[in-house]
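> Give the three-dimensional model of this entry:
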Amino acid sequence: MLPKMALLIISFATSLCLLPPLNADTGDITMVIETFVVKQFPTSKSHFWIVNDTHWQTDNEVVVDVNTIVLDKLGGTPTATRYLLLIVGDRLAAAQNIPLDSTVDCQPEQA
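All right, here's what the predicted structure looks like:
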């Protein structure tokens, strides 16, 4: 389990370094993600999340691919989950749980 956790931490650090500048205030997106995670896991003792990717659909609409790592009890095994979040303005419009190893294409559909 330790190698998986190390990989998650390395991915987190890399995602912070490689995250492109966002068009909106990143504080708004950060708060939307944090609020989602806290509501999704209200009894967790500890948590963190990693943004894997973002895709802007319009000027105020973004799809965020995010991993969450949650510790339900101290000394327990962390649980990793993955979500696609649709953020419109400064609000969460939709969330979908997806498999950790899935390939995601968040590009807008072509007519």
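
> just the strands in the protein please.
Here the chain has its strands, by DSSP state E, at 46-58, 61-71, 79-88, 91-98.

> what's the burial count for the closest residue in space to Leu74 that isn't next to it in sequence?
Once flanking residues are discounted, Leu74 sits nearest to Lys45: 5.5 Å by CB to CB, 6 or more residues apart in numbering. For every residue, glycine as well, the C-beta is placed using N, CA and C. Applying other CB atoms under 10 Å, we find 12 residues neighbouring Lys45.

> Distance of Lys45 relative to Val66?
Using CB to CB, to the nearest Å, one gets 20 Å for the distance from Lys45 to Val66.

> ditto for Leu92
The value you get for Leu92 to Val66, if CB to CB is used, is 11 Å.

> Find residues that contact each of the two.
Shared contacts of Leu92 and Val66 (CB atoms under 8 Å, 6 or more residues apart in numbering): Leu85.

> Enumerate every residue touching Leu86.
So Leu86 contacts Glu61, Val62, Val63, Leu92, Ala93, Ala94, Ala95 (CB under 8 Å, 6+ apart).

> from these, which would you call buried?
Val62, Val63 (16 or more other CB atoms under 10 Å).

> Thr79 - how many residues pack around it?
Neighbours of Thr79 under the rule other CB under 10 Å: 13.

> Pull out the buried residues from stretch 45-60.
Those would be His47, Trp49, Ile50, Val51, Asn52, Thr54, for stretch 45-60 by 16+ other CB under 10 Å.
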